[in-house]
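1. After the sequence you'll find the predicted model.
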Amino acid sequence: MDLSIEIAGIRFKNPLLPAAGPLTGDDSKIEYIASLGVGGIVTKTISSKPAKVPRPCIVATRDYVINAELWSEYGPERWIDEFLPKIRDIKLPKIISIGYTREQIEWLIPGLEDFADAFEISTHYVGKDIAPIAEVVNVATKITKRPVFMKLSPHMPDPVEFARAVTDAGAAGVVAINSLGPVYHIESKVGRSPLGSKDGYGWISGPVIKPVALSIVRRIKQALDIPVIGVGGIKDADDVVDFLEVGASAVGMLSSALIFGKEQYKRIINGLEDALRRRGYSSVKDAIGNKLSKEEAKYEVRNPVIDMEKCTLCKLCEYVCPYFAIRVSDHVEVNSDACFGCGLCESRCPTGAISGVLV
């Protein structure tokens, strides 16, 4: 099966990339992530000076990561003189992530240009005003021949307006989304946030933000025919296909590798062909944009249908039903008059014994 994709004239052997972050924070880390089979490299975000990172800076559960990590703890000179020359021979496209203001971008690009196949520009700390962000794009595209992708932070009030403004200014595409926040995590052992950041705040990412990221990617792609790299909540091969179906040309993953281990990249790539086949696709390209058609709202009530061969009488459907429409004894009884057709029971059934509501 052909897993390759092409974005802005750059060919990636598969759509899974490491999102910018600590796992691509120097040459040795990049070399290891490359060895896991990813389709390309995205560096940790480089700015005009090293970040002063608070410690501790990362906490995680199985559902999310909260970080207070900032950008690269190494300055651009270290990247230009040491890290990037050492990864020249890695035969993968290299997207160099940089930030943040016009002045910083203007200063950074000339020194990084020779190492980059493309640039990702983070907008994480530049506010909600689109005009200066578009000006960053305008300046960047005048001083580099490499494609420029603008990374959307979810605090932007209108992601479609953001995507339109930056591509009108010359960006090749959009990376969506960055982590959300600020958020506050309480560690039960200490009764407060364990993060070393001011007041313990951080930024949340990982599986919990996937619905937000999917929504933003889909909204952009329904409105604009531009390349989008989807980031946010990917943990397995099925998640990759979900993002492809709503229009992403590639995906970036970081948090799930922090939760489940760095080998998660390899596991996802090894499972991608099977995930695509199960949904009827014969290549990555076939899946891209397959779930972009707009649909009208539906109001018909559909009652659940119970497959008693699959049902284990666990009673979860009865316990969770907000309309008190299901009773479980030695069989499952659905009160069609009380049933609202909400779909919760079908989505929560652990054995797939309920159907007929979610279509």
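-> Yep, that arrived.
2. Which parts of the stretch 1-150 of the chain are helices?
-> 27-35, 76-78, 84-86, 102-112, 130-143 (DSSP state H, counting those that start in this stretch).
3. any chance of these in JSON lines, plus mean pLDDT and mean neighbour count?
-> The C-beta positions use only the backbone N, C-alpha and C, and glycine is treated the same way. Listed next are the helices of the stretch 1-150 of the chain as JSON lines, based on pLDDT from 0 to 100; neighbours: other CB atoms under 10 Å:
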{"stretch": "helix 27-35", "mean pLDDT": "98", "mean neighbour count": "17"}
{"stretch": "helix 76-78", "mean pLDDT": "98", "mean neighbour count": "15"}
{"stretch": "helix 84-86", "mean pLDDT": "98", "mean neighbour count": "16"}
{"stretch": "helix 102-112", "mean pLDDT": "97", "mean neighbour count": "17"}
{"stretch": "helix 130-143", "mean pLDDT": "96", "mean neighbour count": "17"}
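4. do you know which of those helices lies nearest residue 316?
-> The closest of the helices of the stretch 1-150 of the chain to residue 316 is helix 27-35. By CB to CB, the value is 39.2 Å.
5. May I have that closest one as CSV, with CA atoms only?
-> Listed next in CSV are the C-alpha coordinates belonging to helix 27-35 (Å, rounded to 0.1, in the frame of the first residue of the first chain):
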residue,chain,number,x,y,z
ASP,A,27,20.3,16.0,17.0
SER,A,28,20.4,12.7,19.0
LYS,A,29,16.7,12.8,19.8
ILE,A,30,15.9,13.6,16.2
GLU,A,31,18.0,10.7,15.0
TYR,A,32,16.2,8.3,17.3
ILE,A,33,12.7,9.5,16.3
ALA,A,34,13.7,9.2,12.6
SER,A,35,14.7,5.6,13.2
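6. so how far is residue 50 from the residue nearest the centre of the chain?
-> Centroid-nearest residue in the chain, with CA atoms, centre = their mean: residue 231, separated by 1.7 Å. Distance, residue 231 to residue 50, using CB to CB, to the nearest Å: 24 Å.
7. ok, now residue 104?
-> Distance of residue 104 to residue 50, given as CB to CB: 13 Å.
8. tell me the phi and psi of residue 162?
-> In terms of degrees, to the nearest 10, the main-chain angles of residue 162 are phi -60, psi -50.
9. Secondary structure element for the residue nearest to it when sequence neighbours are not counted, which one?
-> Among residues not flanking residue 162 along the chain, residue 156 sits closest, at 4.8 Å (CB to CB, 6 or more residues apart in numbering). Assigned by DSSP states H and E, residue 156 belongs to neither a helix nor a strand.
10. ok now do residue 156, which residues does it touch?
-> Residues in contact with residue 156 (CB atoms under 8 Å, 6 or more residues apart in numbering) are 123, 128, 130, 162.
11. Wait, the second one touches residue 157, no?
-> Translated: residue 128. Yes. Between residue 128 and residue 157 there is a contact under CB atoms under 8 Å: 6.2 Å.
12. What degree of burial does residue 187 show, as a neighbour count?
-> Residue 187: 13 surrounding residues under other CB atoms under 10 Å.
13. Can you name the residues bridging to it?
-> Residue 187 forms beta bridges with residue 192, as assigned by DSSP bridges.
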